[in-house]
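**Student:** From the sequence below, what's the structure:
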Amino acid sequence: MQITSSVHKPWLWLAIGLSLLLPRVASAGMITLDVSDTKFTPGTPFTVSVELPALTNLASYNIDILLSSSTGTAGTDFFFDGGATTAAPTNYVFPAADWFDATSNLDSSSTERLTLSDFDAGFLGYDVVPGVNNSLAQVVVSTLPGFTGELSLSIDTGGLLLDTPDFAPNFSFIPVVEFDGTVVDTSASSPVAIPSASTAVSAVPEPTSLSVFAIIGMAVTYSRRRHRNVTREAMSV
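**Tutor:** Residues are numbered from 1 along each chain as shown. Predicted coordinates for the structure are as follows:
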């Protein structure tokens, strides 16, 4: 048996060396959407809690949440209730939520976008600790009573901002050190699917209606039979 040593493969050592030089994105945890119920009741609002992973020196954020469905019309059959959406009442990321904002916009007929944003009024940075101050918002979602399609919630990381109070040379804010990892982990997570607790049911006539239909049917049947008998008698004469 012939054993080939890796010492004689310079390309292998070159590949290993390059891999060590390339920057690596460490896993940082994802932004989570925690739905109050596993299913929604048509016409009844439900709440979605938005939470951050551990972050360092956070001073401002901008997070986009997408609400979608393959049936119905976004903004009409299903929609974010911006007026009822609030900053998390406990364990909020900053000492105060004076500048908290929740703005909704339609992306398409099947998707609505809700943008959550806030910044620390003192331009200070805070370390985000899960279970202590990692809660962002209580988002309220509503549907029409007749909507029974499945809903989908996800984070759009394209416009995500998680900034420190520090400026870069171009006068833009420097993101938290966990930013890249948070984007990767959040983008890799699956959308939250929320089915309806009820399905559409075809209307069934009430008993009174059934009785009326039965009487009409019997009358039509009797009329046809009588007409047939009269015709036979006329032909036999």
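
**Student:** Low-confidence ranges, this structure, go.
**Tutor:** Of all residues in the chain, those with pLDDT under 70 make up the ranges 1-28, 199-237.

**Student:** how about the strands in it?
**Tutor:** Secondary structure of the chain (DSSP state E): strands at 32-35, 46-51, 55-58, 60-68, 78-80, 86-87, 101-108, 111-119, 126-128, 135-143, 151-167, 173-175, 192-194.

**Student:** what helices or strands is the fifth one leaning on?
**Tutor:** Where contact means 3 or more CB pairs under 8 Å, 6 or more residues apart in numbering; DSSP states H and E, strand 78-80 is packed against strand 60-68, strand 101-108, strand 111-119, strand 135-143. Every C-beta, even on glycine, is put in place using the N, C-alpha and C of the backbone.

**Student:** Just grab the bridge partners of the residue nearest the centre of the chain for me.
**Tutor:** Closest residue to the average C-alpha location of the chain: Leu153 at 0.8 Å, with CA atoms, centre = their mean. Note on Leu153: beta-bridge partners by DSSP bridges are Leu67, Val192.

**Student:** isn't it right next to Ile194, touching?
**Tutor:** Yes: contact criterion CB atoms under 8 Å: Leu153 and Ile194 qualify, at 6.9 Å.

**Student:** Now list whatever residues contact both of those two.
**Tutor:** Val35 (CB atoms under 8 Å, 6 or more residues apart in numbering).

**Student:** Tell me how many other residues surround Thr38.
**Tutor:** Neighbour count of Thr38, defined by other CB atoms under 10 Å: 9.

**Student:** who's in contact with it?
**Tutor:** Ile194.

**Student:** how close does it sit to Ile194?
**Tutor:** Note on Thr38: its distance to Ile194, by CB to CB, to the nearest Å, is 8 Å.

**Student:** Against Asn133, how distant is Phe100?
**Tutor:** Distance from Phe100 to Asn133, by CB to CB: 14 Å.

**Student:** which residues does the residue nearest to Ala96 when sequence neighbours are not counted contact?
**Tutor:** Excluding the flanking residues, the one nearest Ala96 by CB to CB, 6 or more residues apart in numbering is Ala121, at 6.9 Å. Neighbouring residues of Ala121 by CB under 8 Å, 6+ apart: Ala96, Asp98, Trp99.

**Student:** how about these in CSV, adding neighbour count and distance to Ser60?
**Tutor:** Converted to CSV, these look like this (neighbours: other CB atoms under 10 Å; distance: CB to CB, whole Å):
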residue, neighbour count, distance to Ser60
Ala96, 12, 13
Asp98, 11, 13
Trp99, 13, 9
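
**Student:** List phi and psi for the residue nearest to Ala96.
**Tutor:** Phi and psi for Ala121, reported as degrees, to the nearest 10, are phi -60, psi -30.

**Student:** so who does Ala59 touch?
**Tutor:** Taking CB under 8 Å, 6+ apart as the test, what Ala59 contacts is Phe119, Asp120, Phe123, Leu124, Gly125, Tyr126, Asp163, Thr164, Pro165, Phe173.

**Student:** got the contact list for Lys39?
**Tutor:** Going by CB under 8 Å, 6+ apart, the list of residues near Lys39 reads Ile194, Pro195, Ser196, Ala197.

**Student:** Hmm, the third one is touching Leu144, no?
**Tutor:** No: taking CB under 8 Å as the definition, Ser196 is not a contact partner of Leu144, at 11.4 Å.

**Student:** ok, back up a step: filter the contacts of Ala59 down to the buried ones, PyMOL style.
**Tutor:** To isolate the buried members of the contacts of Ala59 in PyMOL, using 16 or more other CB atoms under 10 Å:
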select buried, resi 119+120+125+126+163+164+165+173
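
**Student:** a markdown table for the contacts of Ala59, including distance to Gly29?
**Tutor:** Shown next, in a markdown table, are these (distance: CB to CB, whole Å):
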| residue | distance to Gly29 |
| --- | --- |
| Phe119 | 22 |
| Asp120 | 21 |
| Phe123 | 25 |
| Leu124 | 22 |
| Gly125 | 18 |
| Tyr126 | 16 |
| Asp163 | 17 |
| Thr164 | 17 |
| Pro165 | 22 |
| Phe173 | 21 |
